[in-house]
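Enquirer: Could you work out the structure for the sequence below:
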Amino acid sequence: MKSLILTTAALALTAGMGLADTVRLGTEGAYPPYNFLNDNGEVDGFERELGDELCKRAELTCEWVTNDWDSIIPNLLSGNYDAIIAGMSITPERKEVVQFTQGYTRPSPSAFAALSADVDLTSAVISAQASTIQSSHVAGTGATLVEFPTPDETIAAVNAGEADAVMADKDFLLPIVDETDLQFVGEDVFLGDGIGMAFRQSDTDVIAKFDAAIASMKEDGSLNMLLDKWEIEGKF
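Expert: Presented below is the predicted three-dimensional model:
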């Protein structure tokens, strides 16, 4: 999934929530099947259902907030919302500035998709969403990386001939490959340590509540059922 490397760890200021009456959940709203906006403009997807169930089990009142991906961690640290639940991979870089719950998915594959099966991924121009683990991976392969702010723009770049291939979460690419001329190329790549909720490091009480709720969903099998429903890999 995604990996944002912050060079301004000092942004982890003093914003804390303790156990507030309402927990504001921040998400991108642009990365199906994890999170997206439905026809009514409401947050929907796997993480909407997951977040609502976790709040219920934690006995917390929650509301949803959308935020662009490139500023999603800074705005958490600034106090604009209290948690991130946005397809965010657990990475060492992020752990320097936020604290994660346990993962609610296992590491799932990233993949490449292109209009031609003959693409040489070692020398191709490859698009990826900026500040993600996919963009970091491409940058280290010798291929030419072109970054875009949103996942939809990475697909458009391939269709427009601006890039030879795109790299993203395979769960995100699957329906696009099924419905368009794009096809998977190369081997799947496993990146990160699974997806978790991210919090300010000082909010230990509420982190513990969500961590316990995730553990309970793993134990009773409801988390795997939800992953199956949204056709997301990474079951427990």
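Enquirer: burial count for the residue nearest to residue 122 when sequence neighbours are not counted?
Expert: Spatial nearest neighbour of residue 122, excluding adjacent residues (C-beta to C-beta, 6 or more residues apart in numbering): residue 142 at 5.7 Å. From N, CA and C alone the C-beta is placed, and that goes for glycine too. By other C-beta atoms under 10 Å, 10 other residues sit near residue 142.
Enquirer: hang on, residue 142 packs against residue 120?
Expert: No. Counting by C-beta atoms under 8 Å, residue 142 stays clear of residue 120, with 10.5 Å between them.
Enquirer: after the helix or strand bottoming out on mean pLDDT in the chain comes which helix or strand?
Expert: Every helix and strand of the chain was ranked by mean pLDDT, DSSP states H and E. The lowest is helix 92-95, at a mean of 93. Counting by DSSP states H and E, the element after helix 92-95 in chain order, helix or strand, is strand 99-100.
Enquirer: now the least confident helix or strand of the chain: how far from the chain's centre is it?
Expert: Relative to the centre of its chain, helix 92-95 is centred 14 Å away, using C-alpha atoms, centre = their mean, to the nearest Å.
Enquirer: If you count neighbours, what's buried in it?
Expert: residue 94 (16 or more other C-beta atoms under 10 Å).
Enquirer: Next: stretch 168-181.
Expert: Buried residues in stretch 168-181 (16+ other C-beta under 10 Å): 168, 169, 170, 171, 172, 173, 174, 176.
Enquirer: So which of those residues are in helices?
Expert: Using DSSP state H, the subset of those located in helices is 170, 171, 172, 173, 174, 176.
Enquirer: Grab the most central residue of this structure for me.
Expert: For the chain, the residue nearest the mean C-alpha position is residue 87 (1.9 Å; C-alpha atoms, centre = their mean).
Enquirer: my read: that residue touches residue 35, true?
Expert: Yes. If you go by C-beta under 8 Å, residue 87 and residue 35 touch, sitting 6.6 Å apart.
Enquirer: tell me, what's touching these two both at once?
Expert: Residues touching both residue 87 and residue 35 by C-beta atoms under 8 Å, 6 or more residues apart in numbering: 28, 47.
Enquirer: hmm, back to that, so which of the buried residues of stretch 168-181 comes closest to residue 216?
Expert: Taking C-beta to C-beta as the measure, residue 216 sits nearest to residue 171 out of the buried residues of stretch 168-181, at 23.8 Å.
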